[in-house]
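K.L.:
all I have is the shape, not the residue letters:
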């Protein structure tokens, strides 16, 4: 007689035959390299494609996943805001980084996004030859303390404590906000010296001190920066070299060739200022990146490591000369060739088959308004006058609530935001919500203002308009101001050069390339966001996405 157990076994076997076959474990990269280029517009890959070399960005485009319509969803497209999104997958309304620096609502003093008085900067060059370097880090200490969201690197460290996560950049905020709170290190360049923070370590590793002592930056004194390719190639792609509105600071001039010496015959602090806007700074950064990979043995330790690498020199050059300049084309081509060398180094050291590479940018850039006008169009373009902005608000408030005593002001302007002097509101007995409406309506009469929103409406989610959602994502109540505005397209809030920080396509459209382990190659035309990077990378690493992450997984 056949037992009940026999029939039970048959039933289980039949049921199991209907289940899909068990899948082999997905491969996990030995090394993840997340690359951001500060101010790399979404059209640059196509614009300069013919001049790209096979082993650099073209390798990622041709052999990886190319998301051709990747955009930031937030409105305030600044360096810190963008870098904070990349590996958290969330925007300023949650991660809290509303700008590179912002006005503190209580003190009305500006604070830096990575400023932290409880830690110290390690290795900062206080002087060169006894002279304090102008422009060296103004903050006493730096850390990710003000970042209110965790990163993919943080999730990796929580899951696999032996994995290493390291951020490297020319800028402090870029290195720190990519690396996250639990990173092993973040290194950035301070006037030619690679520095870090006691948030990550007690002292700089000996190999970092040795790197700094080698005098790599100083070896570039007096070097000439000229075009990589014949001038005719640049003319064909970009147009004329010298255009009105360009800004050639620190002896760099507005045309090629230029000598990087700060305008002096001997090495002075002015050289380090000039070096900020020279492509050679990126060469030093990549030299340091190779040293980090070697000294930390990244990708060869049996645990997934993460290297975050952000190039900032492109941003300085783009600000000074604009996206249609010979200078921007040249730094793009030079960066491409530097990356080709770096990828070849990774192939030799780790093997690209063991790597996952993610490439994007933190924002784009507006064209020079003079160039827009020179095109003979009827487009509105110009340079923002903050004085006119402030006067419109002050006059409206004086008219609505009575004038102030001589020398008193209702408002201060901090980039996209206007803040009330709270003691003045109290003195006049005016409610903030009422004053906000008066200023908002006044701003909408200013020639260059496209949209304005009050803090009260933002807190209530009661704003409308084509870019309202982007503004909402850039708003964090405890850190944002009282009235927000953004300018019309092609208006720039700089006296020379150009800027970014708006919700327009030239600022929000950035490249997104994936290459290597876990990547499905191809060209993807659907709209995706930079906030999709974090959940995609987390899934690829077998991790949960950062808990506040709002993006979607790609592939």
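P.N.:
The structure has been received and is ready for your questions. Nothing here was measured: the structure is a model prediction, and the numbers come from that model.
K.L.:
ok, residue 192 touching residue 125?
P.N.:
Yes - counting by Cβ atoms under 8 Å, residue 125 is a contact partner of residue 192 at 6.9 Å. To be clear about C-beta, it is placed using only N, CA and C from the backbone, and glycine gets the same treatment.
K.L.:
residues touching residue 158, list them.
P.N.:
Applying Cβ atoms under 8 Å, 6 or more residues apart in numbering to residue 158 gives the contacts residue 182.
K.L.:
tell me which element it is part of?
P.N.:
Using DSSP states H and E, residue 158 sits in helix 152-159.
K.L.:
and that helix, average pLDDT?
P.N.:
Throughout helix 152-159, pLDDT has a mean value of 97.
K.L.:
could you do stretch 68-82 as well?
P.N.:
Rounded mean pLDDT across stretch 68-82 is 98.
K.L.:
how far is the lengthiest helix in the chain from where the chain is centred?
P.N.:
If you go by DSSP state H, the chain has its longest helix at helix 326-349. Centroid displacement of helix 326-349 relative to its chain, using Cα atoms, centre = their mean, to the nearest Å, is 19 Å.
K.L.:
mind listing what's buried along that helix?
P.N.:
326-340, 342-343, 346, 349 (16 or more other Cβ atoms under 10 Å).
K.L.:
what segments of the stretch 401-550 of the chain are strands?
P.N.:
In the stretch 401-550 of the chain, the strands defined using DSSP state E, counting those that start in this stretch lie at 411-414, 417-420, 449-454, 483-487, 491-492, 509-510, 513-516, 522-524, 528-529.
K.L.:
out of these, the one nearest residue 140 is which?
P.N.:
For residue 140, the closest of the strands of the stretch 401-550 of the chain is strand 411-414, at 21.5 Å, according to Cβ to Cβ.
K.L.:
what's that closest one in contact with?
P.N.:
In contact with strand 411-414 (Cβ under 8 Å, 6+ apart) are residues 102-103, 108, 110, 386, 389-390, 393-394, 397, 418-421, 439, 481.
K.L.:
partner strands of it and their direction?
P.N.:
Using DSSP bridges, the strands paired with strand 411-414 are strand 417-420 (antiparallel).
K.L.:
off-centre distance for the strand it pairs with?
P.N.:
24 Å.
K.L.:
just put the strands of the stretch 401-550 of the chain in TSV and tack on mean neighbour count.
P.N.:
Listed next are the strands of the stretch 401-550 of the chain as TSV, based on neighbours: other Cβ atoms under 10 Å:
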stretch	mean neighbour count
strand 411-414	17
strand 417-420	23
strand 449-454	22
strand 483-487	26
strand 491-492	24
strand 509-510	22
strand 513-516	24
strand 522-524	13
strand 528-529	20
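K.L.:
between these, which gets nearest to residue 68?
P.N.:
Proximity to residue 68 (Cβ to Cβ) singles out strand 522-524 among the strands of the stretch 401-550 of the chain, at 6.4 Å.
K.L.:
domain assignment for the chain?
P.N.:
36-214+276-371+504-540, 385-447+449-487 (automatic domain parsing).
K.L.:
helix or strand right after the helix holding residue 158?
P.N.:
Of the helices and strands lying after helix 152-159 in sequence (DSSP H and E), the nearest is strand 165-169.
K.L.:
fine by me, we can end here.
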